[in-house]
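[1] sharing a model that was predicted from the sequence below.
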Amino acid sequence: MLKIVKYPNEILAEKMPDFDFDNPIVDPIELEKSMLDTMYQYDGIGLSANQVGIRTRAFVMGHKNTPESGQAFFNPMIINATENVEDLEEGCLSFPGIYVNIKRPKKIRARWQNSKGEWEEDEFDGYNCKCFLHEFDHLEGITYKDRLSTLKWALGVKKSQNFKRKKR
């Protein structure tokens with residue numbers, strides 16, 4: 001299992017270089033498997049390579065209840081996004097226990113390479129869209145904290161801390 005990098009580690013603010021299938025820094029199939037295993041272990045639904053300290057453009061998405069549907073996205077690109085947005089809650093494994101609402105497009109069309117280097121393209125909506133965009137942001141050196149005002153972030157952190165106290 002890989003180790004999750006926590007904020008404010010500087011790798012989370014760096015734009016990641018493309019994954020080079022001709023000269024890979026790691027085996028892409030092994031990377032996909034170890035990232036999915038790590039994500040499921042921590043109850044995540046998305047995890048980017050830089051969140052586990054690997055400097056490359058790759059992330060995984062999936063759910064531990066249906067692990068066979070989990071997959072890796074190498075060198076992802078967003079082709080287009082709707083102007084309609086949704087304001088849904090997000091969490092992040094690099095910011096454990098902090099959940100905030102982020103406005104993001106309702107639907108996107110994206111293109112990426114799978115772990116074999118083959119190009120794929122599809123549309124995402126709902127939480128899959130939100131997750132794709134959250135992980136894509138990580139590869140751009142953007143965290144969900146960067147998407148909020150200082151005040152909204154502070155309110156989200158306080159709400160999360162209050163929720164933790166009530167659970168005890």
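    Nice, I can see it.
[2] which sections of the protein are below the confidence cut-off?
    Low-confidence segments of the chain, defined by pLDDT under 70: 167-168.
[3] by residue count, which helix of it is the longest?
    helix 150-167 (DSSP state H).
[4] quick one, strands of the chain?
    With strands called from DSSP state E, the chain shows them at 46-48, 58-61, 71-81, 85-92, 95-105, 107-113, 119-125.
[5] can you tell me which residue is spatially central in this protein?
    Central residue of the chain (CA atoms, centre = their mean): Glu135, 2.4 Å from the mean position.
[6] so how far is Cys129 from it?
    Counting by CB to CB, to the nearest Å, the separation of Glu135 from Cys129 is 11 Å. Bear in mind the C-beta positions are built from the backbone N, C-alpha and C, glycine included.
[7] now Asn50
    Relative to Cys129, Asn50 is positioned 21 Å away (criterion: CB to CB).
[8] settle it for me: which of these two has more neighbours?
    Looking at Asn50 and Cys129 with other CB atoms under 10 Å, you find the greater number of neighbours at Asn50, namely 25 against 21.
[9] now the more buried one. Nearest residue, chain neighbours left out?
    Ile11 (4.9 Å; CB to CB, 6 or more residues apart in numbering).
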